[in-house]
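[1] Quick check, what structure comes out for this input:
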Amino acid sequence: MTSGRPIRAWAAVIVFLGFAAIAVQLGFWQLGRADEKQAMIDLRAGRKTPAALGSPEQPWKNGMSAQDLDQQRVVLTGKWMHSESIALDNRAWEGRAGVHVLSPLVLPDASRVWVNRGWMPKLPGVNQVAIPAANDAIRLEGLALASVMKRMELGKQGPGLSADNVWQNFDWQASQRRIGGDRVWPVIVWQITETPDGLLRRLPEVEDDVSKHLGYAVQWFLICLACLFFAFRLRPRRTKSAGTLN
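    Residues are numbered from 1 along each chain as shown. Modelled structure (predicted):
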């Protein structure tokens, strides 16, 4: 009658040990997220002094890494290549559908950099939009980001036909073919300076929620300890035999 109890007890122990293993993994994952957020905050704070891309002090270099410039405040001086501007589709702004306008800028050392000039509304299904022009010669400030704002696509699609200026996603190879040359900075600069082109601008925020992730980590570790406690309490115990009692 009691032979099945140890089996059920060991099964419960295994279940609680499994929950404990999952909980501790989730706890360390939350610690990793907290480290990532803190590193991003520290990186942006440490790169507030603007760097003039394409200048003698900050020239384009072959083999440059996007991470070397990520979160860096920059100053850009140059001329727009308006005819090669593109619009990244399906980018919402406060519930409205629209696009982010990206235009290549030719810098003083003849290198090129893609600038996210801002957001504008767009009707669905349109593959060609009228992108607002800006002054030919420009000086602006921005924030260099390594992220290319990828969006999930239904099915495999190219960035767009050569006649289209609306792309689903930014593609470095296609964009380099579009503007020509190989001296292209490996980041997208989000424009900060306001210009009279009607575009809306807002920098991607780095959420200062490190404490939230640390709190979640503590919760998962406490759950792990609780699971280990129940596993210990439910383990089958040895019973003294009648011969031992005599």
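[2] Touching, V166 and Q128? I think so.
    Yes - the pair V166 / Q128 is scored as a contact, 6.6 Å apart, by Cβ atoms under 8 Å. Placement of C-beta: from N, CA and C, glycine included.
[3] So for the two, which residue has more residues nearby?
    V166 (20 against 12; other Cβ atoms under 10 Å).
[4] Identify the residues contacting the nearest residue in space to L43 that is not next to it in sequence.
    Excluding the flanking residues, the one nearest L43 by Cβ to Cβ, 6 or more residues apart in numbering is Q71, at 4.6 Å. Q71 sits next to 40, 43-44, 47, 143-145 when contact means Cβ atoms under 8 Å, 6 or more residues apart in numbering.
[5] ok, Q71 to G78 distance?
    Look at Q71 and G78: by Cβ to Cβ, to the nearest Å, they are 22 Å apart.
[6] what's the answer for A52, then?
    Distance from A52 to G78, by Cβ to Cβ: 11 Å.
[7] With neighbour numbers in mind, choose between the two.
    For A52 and G78, the more surrounded residue by other Cβ under 10 Å is G78, and the numbers stand at 23 against 16.
[8] Helix, strand or coil: sort out that one for me.
    strand (DSSP: H, G, I helix; E, B strand; the rest coil).
[9] Beta-bridge partners for it, please?
    I138 (DSSP bridges).
[10] And it, how close does it get to P204?
    If you go by Cβ to Cβ, the gap between G78 and P204 works out to 23 Å.
[11] thought Q176 was touching D182?
    Yes - under the criterion of Cβ under 8 Å, Q176 makes contact with D182 at 6.9 Å.
[12] Please say which of these two ends up with more neighbours.
    Neighbour comparison, Q176 and D182: the larger count goes to Q176, with 16 against 9 (by other Cβ under 10 Å).
[13] Report pLDDT for the more buried one.
    What the model reports as pLDDT for Q176 is 87.
[14] So what pairs up with the nearest residue to it once chain neighbours are set aside in the strands?
    Nearest residue to Q176, sequence neighbours excluded (Cβ to Cβ, 6+ apart): V184, at 5.5 Å. Counting by DSSP bridges, V184 forms beta bridges with R112.
[15] so how far is P108 from V184?
    Distance from V184 to P108, by Cβ to Cβ: 15 Å.
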